[in-house]
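need coordinates for the following:
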Amino acid sequence: MSVSDEDEVLKAESEEEDEEKEKEISGQEDKLESCPLTQDMMAKSLSLLCRTGNGLSHAYVRLDLKSKGLTDLALISSFIHLRYLDISSNHLSDFSPLAGLTQLLWVKGDGNLLQRFEGQPFGQLTYLQWLSFANNRLFDVKGIGGPALETLNLTGNGIQTMQGLEYHNLTNLVTLELRGNCLETTDAIYLPNLRHLYLAQNNLKRLEGLEKLENLNTLHLRDNQLETLDGLSPNMKSLQYLNVRGNLISSMRALRNLVSVGQTLKALVLLENPLAKTDDYRMYVISHLPQLERLDKDPITAEEKSAAQEKEFEDEFAEDQEDN
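Predicted coordinates for the structure are as follows:
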């Protein structure tokens with residue numbers, strides 16, 4: 001069997017697995033007792049009286065429907081002045097009734113049954129700035145968008161790939177939360193204005209495509225499976241905080257790529273890696289990253305910087321030469 005044939009087989013198997021998962025989820029939804037949104041629920045859940053967009057009248061703009069057992073949001077479509085919506089901890093999978101709520105700024109949909117963004121209305125909400133769908137049933141990010149969206153939280157889903165991310169529809173995104181998913185690579189996270197990226201508790205083995213994140217300030221990679229830091233790039237000229245705690249980094253040479261971001265990096269966390277248990281580890285890192293202010297949560301003192309400058313270290317690339 002050729003490599004291309006193997007790839008096709010793997011792709012087909014992956015698609016079959018996704019179909020099985022969707023059937024399983026669909027079966028679970030069929031068992032749910034129908035619980036549509038009612039006028040009585042709306043009356044009890046509305047708050048924050050404000051002027052409407054045209055300034056000619058007043059309307060309630062906040063709606064809290066958390067933990068109502070909802071399976072259907074159809075009634076909400078007529079409440080066009082809503083700006084803040086909490087529909088978390090329900091049994092919702094169809095959010096099309098939100099399409100007409102063009103004034104929405106903030107939506108929390110954590111703990112629902114959303115499987116995919118394709119076919120959902122969020123990209124049409126031109127003022128939406130904050131969106132959270134943590135702990136849903138997402139497998140990918142295709143179809144997500146929002147011209148004004150600044151914060152997107154997708155923590156605790158089953159996202160396996162960022163392929164299909166339409167960066168041109170997320171040009172204002174500043175913060176992306178992807179903790180607790182199933183990503184093995186950072187490839188395809190191309191968001192030119194992104195400043196904060198949280199990827200803890202995935203299955204990351206590779207850092208790829210990060211050279212495109214020139215405005216990234218915070219990169220959180222705790223509890224993954226990284227053995228190296230290959231993929232950090234000098235193009236990441238805004239990076240100040242890097243957390244790789246609880247990975248598999250074991251050799252000094254794995255740190256070589258830190259030098260590429262060393263001119264801006266202020267805080268670094270390497271705890272719970274095999275490397276952090278080696279002799280002179282702290283001195284070694286400080287000597288190679290003179291701009292660093294904190295290492296493993298502890299401030300770097302002037303005395304440590306002075307001692308690190310005076311200390312002589314073996315060539316960090318000696319292992320490479322030995323391997324060759």
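
please count neighbours and contacts with C-alpha atoms only from this point.
Fine.

go ahead and confirm residue 59 touches residue 47.
No. The criterion here is C-alpha atoms under 8 Å, and residue 59 misses it with residue 47 at 9.0 Å.

now residue 220: phi and psi?
phi -110, psi 110 (degrees, to the nearest 10).

check residue 85 too.
phi -130, psi 120.

list the buried residues for stretch 239-250?
Buried residues in stretch 239-250, counted by 16 or more other C-alpha atoms under 10 Å: 239, 240, 241, 242, 243, 244, 245, 246, 247, 248, 249, 250.

same question, stretch 205-215
Neighbour counts over stretch 205-215 (16+ other C-alpha under 10 Å) mark 205, 206, 207, 208, 209, 210, 211, 212, 213, 214, 215 as buried.

how about the secondary structure of the fourth one?
Here residue 208 is coil, with the state taken from DSSP: H, G, I helix; E, B strand; the rest coil.

ok, now which ones touch it?
Taking C-alpha atoms under 8 Å, 6 or more residues apart in numbering, we find residue 208 in contact with 185, 186, 187, 231.

give me the element the third one is part of.
Using DSSP states H and E, residue 187 maps to neither a helix nor a strand.

pretty sure it contacts residue 207?
Yes. Counting by C-alpha under 8 Å, residue 207 is a contact partner of residue 187 at 7.2 Å.

so who does residue 215 touch?
With C-alpha under 8 Å, 6+ apart, residue 215 has these contacts: 192, 193, 194, 195, 236, 237, 238, 239.

among those residues, find me the one that's closest to residue 91.
residue 194 (31.1 Å; C-alpha to C-alpha).

where do the strands sit along the stretch 201-324 of the chain?
Assigned by DSSP state E, counting those that start in this stretch, the stretch 201-324 of the chain shows strands spanning 218-220, 241-243, 267-269, 294-295, 298-299.

want to throw those into CSV with distance to residue 96 and mean pLDDT?
Output for those, formatted as CSV (distance: least, C-alpha to C-alpha, whole Å; pLDDT from 0 to 100):
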stretch, distance to residue 96, mean pLDDT
strand 218-220, 33, 98
strand 241-243, 38, 98
strand 267-269, 42, 97
strand 294-295, 47, 97
strand 298-299, 48, 96
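
and of those, who's closest to residue 279?
strand 294-295 (15.4 Å).

partners of the closest one in the sheet?
Here strand 294-295 has these sheet partners by DSSP bridges: strand 267-269 (parallel), strand 298-299 (antiparallel).

how far away is residue 177 from residue 202?
Distance check for residue 177 against residue 202: by C-alpha to C-alpha, to the nearest Å, it reads 12 Å.

comparing those two, which shows the higher neighbour count?
The residue with more neighbours, out of residue 177 and residue 202, is residue 202; 23 against 20, by other C-alpha atoms under 10 Å.
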